[in-house]
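J.: Could you look at this predicted model? Sequence included:
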Amino acid sequence: MPEGDTVFRTAAKLREALVGKTLTRCDIRVPRHATVDLTGQVVDEVLSRGKHLFIRVGEASIHSHLKMDGSWVIGGFRGPQHRIRIVLGTADTAAFGIDLGILDVLARDHDQDVVAHLGPDLLGPDWDPQRAAANLIAEPDRQLADALLDQRVMAGVGNVFANELCFVLGRGPDAPVGSLADPLRVVQRAREMLWVNRNRPNRIITGNTRRGQQFWVYGRAGEPCRRCRTPIRRDDSGDRIRYWCPNCQAA
């Protein structure tokens, strides 16, 4: 599932493949931008901001968001062609935007306006733990999992990290943020989790690299808790699926 660490890593791949090179192909398969052709222009920068990506070419900025299923593939794509939303080609490679949840072409000078509402980026130069902690507890009655997923609080946490953070903190997903004894510790722990995974193709939260051992609770409904052996519970009645240990997260 694409989260802040995935987007950070994707930006690095695109940067390596495209920056400093002239586009020999620009095929944008979104009706409102279908006539945009940046062929002949040089890719100057690739930036990530939370879960958003920006590819800056001349006076334009290609803005994308992976949402739940999106990805950028370098080199070639052999899947169904209808899944391709954009192709950026150079003399020696190509980048394919697949199933992108958002794809826009913006004026480069104002491309950051679309992410101005976001909180501090957990993997960005604007990371500010004090500000993130203040954002987190701004609504004391709000459920912890919902607050962690709110990109206005801090940018980059998705559902995997939200569930895993709740477990590590020993709090249920529905615990009010006002009950947190140390909100600064919470946001710092979130930063640590994303930071150590920013260059990993496979996320590891538990520290155990063996297959099937990477997560504490996420995706483990009915399986025994790794700490106390109580079966992990799952709730899919809301917008996001929640996983938790009713014993370890009883506080």
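T.: Here it is on my side, so go on.
J.: helix/strand/coil for the closest residue to residue 37 other than its chain neighbours?
T.: Leaving aside its sequence neighbours, residue 37 sits nearest to residue 26 (CB to CB, 6 or more residues apart in numbering; 5.3 Å). Backbone N, C-alpha and C define where each C-beta goes, glycine included. When classified by DSSP: H, G, I helix; E, B strand; the rest coil, residue 26 comes out as strand.
J.: Start at 27, not 1
T.: Renumbered: residue one is now 27, and that last one reads residue 52.
J.: Residue 52 reaches residue 61, doesn't it?
T.: No: if you go by CB atoms under 8 Å, residue 52 and residue 61 don't touch, sitting 10.8 Å apart.
J.: how about stretch 265-272: buried residues?
T.: 268, 269, 270, 271 (16 or more other CB atoms under 10 Å).
J.: can you give me the mean pLDDT across that stretch?
T.: The average pLDDT within stretch 265-272 is 95.
J.: CA atoms of it as CSV?
T.: Below are the C-alpha coordinates for stretch 265-272, written out as CSV (Å, rounded to 0.1, in the frame of the first residue of the first chain):
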residue,chain,number,x,y,z
ASP,A,265,-13.4,3.9,5.7
ARG,A,266,-10.1,2.1,6.7
ILE,A,267,-9.6,-1.4,8.0
ARG,A,268,-8.3,-1.5,11.6
TYR,A,269,-6.3,-4.2,13.3
TRP,A,270,-5.4,-4.4,17.0
CYS,A,271,-4.7,-6.7,19.9
PRO,A,272,-7.5,-6.4,22.5
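J.: Do I have it right that residue 185 meets residue 267?
T.: Yes: applying CB under 8 Å, one finds residue 185 in contact with residue 267, separated by 6.8 Å.
J.: What pLDDT is listed against the most far-flung residue of the chain relative to its centre?
T.: Most distant residue from the mean C-alpha position of the chain: residue 66, 31.0 Å away (CA atoms, centre = their mean). pLDDT recorded at residue 66 is 98.
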